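Student: Starting from these lines, generate the structure:
(one chain, ligands or ions: 1)
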Amino acid sequence: MRIALSTGGGDAPGLNAVIRAAVLTAINRGWEVVGIKRGYAGLLGEDEVVPLTKESVRGIAHLGGTILRATNRGNPFCYPRKQPDGSYIPEDRSDELIANAKRMGIDAVISIGGDGSLDIALQLCRKGMKIIGVPKTIDNDVSGTVTTFGFDTAVNTAIEAIDKLHTTAESHDRVLVMEVMGRDAGFIALHSGVAGTADVILIPEIPYDIGKVCEKIIARDAGGRHFSIVVVAEGAFPVGGESHKLGESLPGQARRVGGMADIIAREIQVITGKETRSLVLGHLQRGGMPTGYDRLLATRFGGAAVRAVAEEKWGHMVALQTPHIVTVPIEECLREPKRVDVTHDLVQTARASGISFGD
Ligand code: F6P
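Tutor: Predicted coordinates:
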């Protein structure tokens, strides 16, 4: 048995722990393992396919990033081909990819990625490739699994930042608006905002009214709390509006959103008259060591993915359905993206404890 591992999409802390667990458990079964570099680029002649041995995964479980590298611009069904004028056109290179995998004697692929990579895995599976998915994303927006690895680390990074913002905001009687990632899902903002005791949390699932946001800040001021912390998800948007697009995307690349902290900070300063500053936490959330939780989840996913290969669960992804790791058809998980349930107890408790969602 010769299996290949691929890490696609944006990286997330815990990828190396999945790779390590999958490589060790596969080798201990007597299988051979290779790594496809940079998503699927290694199978398209744009990068390499490298052997993965016990030696190559030694000492990597605690490291952020991915030893296989990653890309969110490598959809083989929509591969960006550069034109002489510098623009890109999409090209379907899936047949070439499948033929190359066959030629290299790859029997099955474990694809570690978010919704975009899982969608690619499903399409390749429909064309006859034997694939198992492993859900990965700091955004936590993949259905079918209680959580994805990378999310806990990102939330902890955001909490640490909120803790630090509190002291400086309070010293200067300022409003500080911090933007976190999550694309169209508000999980990072909600979890870090509640744990970090933010005053306002804005998420895409609850369109905000800037007047309501400012009411909260003014009320705090009147009550002697002259500073406020606002955590805004990059995909948040006002009532009747839409998320703020950032730049242009290449063919096959997901739409980028963001820039909300700056927009909101300017509005708050004008309406409340309070000095307001903004910051974007950005890719710090994707970097660094995975937390213990993420390392364990990633390790469990890696081992379970190899078992799923042995059981020939093609087209399934491994998932956490507490307390077990199960396999779920990727198709089912992609039907609906996971979003914050606005009736969830965490939202209720946040509201009841005085946090404003700007609605
Ligand atoms: O999906 C993970 C993610 O970090 C999102 O939260 C964010 O919108 C996006 O990727 C950023 O992508 P890039 O690395 O291309 O800026």
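
Student: Quick one: residues contacting residue 2.
Tutor: 31, 32, 33, 34, 104, 105, 106, 107 (C-beta atoms under 8 Å, 6 or more residues apart in numbering). The way it works is simple: take the backbone N, C-alpha and C, and place the C-beta from them, glycine included.

Student: Just to be sure, which of these are found in strands?
Tutor: Using DSSP state E, 32, 33, 34 are the members of the contacts of residue 2 that sit in strands.

Student: Now those residues in a markdown table, please, with extra columns for pLDDT.
Tutor: As requested, the ones in strands among the contacts of residue 2 are arranged in a markdown table below (pLDDT from 0 to 100):
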| residue | pLDDT |
| --- | --- |
| 32 | 98 |
| 33 | 98 |
| 34 | 98 |
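
Student: Ranking by neighbours, what's the top pick from those?
Tutor: In terms of neighbours by other C-beta atoms under 10 Å, those top out with residue 33 at 25 neighbours.

Student: From what I see, it and residue 25 are in contact.
Tutor: No. Between residue 33 and residue 25 there is no contact under C-beta atoms under 8 Å: 9.7 Å.

Student: excluding its backbone neighbours, what's nearest the residue in the stretch 51-200 of the chain positioned nearest to the ligand?
Tutor: Nearest residue of the stretch 51-200 of the chain to the ligand (C-beta to the nearest ligand atom) works out as residue 181 at 3.2 Å. Excluding its sequence neighbours, the residue lying closest to residue 181 (C-beta to C-beta, 6 or more residues apart in numbering) is residue 285, at 5.2 Å.

Student: contacting residues around that neighbour?
Tutor: Counting by C-beta under 8 Å, 6+ apart, residue 285 has contacts 138, 153, 154, 157, 158, 180, 181, 188.

Student: Could you check how far it is from residue 114?
Tutor: Distance, residue 285 to residue 114, using C-beta to C-beta, to the nearest Å: 14 Å.

Student: any idea how far the ligand is from the residue nearest to residue 57 when sequence neighbours are not counted?
Tutor: Leaving aside its chain neighbours, residue 57 sits nearest to residue 20 (4.2 Å; criterion: C-beta to C-beta, 6+ apart). Residue 20 sits 22 Å away from the ligand, going by C-beta to the nearest ligand atom, to the nearest Å.

Student: host element of residue 20?
Tutor: helix 15-27 (DSSP states H and E).

Student: gap between the closest residue to residue 201 other than its chain neighbours and residue 8?
Tutor: Nearest residue to residue 201 in three dimensions, chain neighbours excluded: residue 193, at 3.7 Å (C-beta to C-beta, 6+ apart). As defined by C-beta to C-beta, residue 193 lies at a distance of 29 Å from residue 8.

Student: what about the two, which has more around it?
Tutor: Applying other C-beta under 10 Å to residue 193 and residue 8 shows that residue 193 carries more neighbours, namely 31 against 28.

Student: Can you name the residue of the stretch 251-359 of the chain nearest the ligand?
Tutor: residue 286 (5.5 Å).

Student: right, and that residue touches residue 138 too?
Tutor: Yes. Assessed by C-beta under 8 Å, residue 286 is found in contact with residue 138 at 5.8 Å.

Student: Hmm, residue 114 and residue 10 touching each other?
Tutor: Yes. Residue 10 is within contact range of residue 114, at 7.1 Å (criterion: C-beta under 8 Å).

Student: what touches both of those two?
Tutor: Counting by C-beta under 8 Å, 6+ apart, the shared contacts of residue 10 and residue 114 are residue 137.

Student: helix or strand right after the longest helix along the chain?
Tutor: What stands out as the longest helix in the chain, according to DSSP state H, is helix 151-172. The C-terminal neighbour of helix 151-172 among helices and strands, as given by DSSP H and E, is strand 175-180.

Student: now that next one against helix 151-172, angle please.
Tutor: Angle between the axes of strand 175-180 and helix 151-172 is 170 degrees (criterion: axes from the mean of the first three to the mean of the last three C-alpha atoms, to 10 degrees).

Student: Direction included, what does strand 175-180 pair up with?
Tutor: strand 228-233 (parallel), strand 276-280 (parallel) (DSSP bridges).

Student: deepest of those, which one?
Tutor: For the strands paired with strand 175-180, the largest average neighbour count (mean count of other C-beta atoms under 10 Å) is found in strand 228-233, namely a mean of 30.

Student: what's the average pLDDT for that strand?
Tutor: In this model, strand 228-233 has a mean pLDDT of 98.

Student: Of all the strands paired with strand 175-180, which one comes closest to residue 330?
Tutor: Of all the strands paired with strand 175-180, strand 228-233 sits nearest to residue 330, with 25.6 Å by C-beta to C-beta.

Student: Can you name the next helix or strand after that closest one?
Tutor: With DSSP H and E, the next secondary element past strand 228-233 is helix 260-272.

Student: and that next one, is it in reach of the ligand?
Tutor: No. Judged by C-beta under 6 Å from any ligand atom, helix 260-272 stays clear of the ligand, getting no closer than 11.5 Å.

Student: Any buried residues in that helix, and which?
Tutor: 260, 261, 262, 263, 264, 265, 267, 268, 269, 271, 272 (16 or more other C-beta atoms under 10 Å).

Student: For the closest residue to the fifth one other than its chain neighbours, give me its contacts.
Tutor: Think residue 264. Leaving aside its chain neighbours, residue 264 sits nearest to residue 177 (5.3 Å; criterion: C-beta to C-beta, 6+ apart). By C-beta under 8 Å, 6+ apart, the contact list for residue 177 reads 230, 232, 261, 264, 265, 268, 276, 277, 278, 279.

Student: check contacts around the fourth one.
Tutor: Shown in contact with residue 264 (C-beta under 8 Å, 6+ apart): 177, 202, 210, 213, 230, 232, 278.
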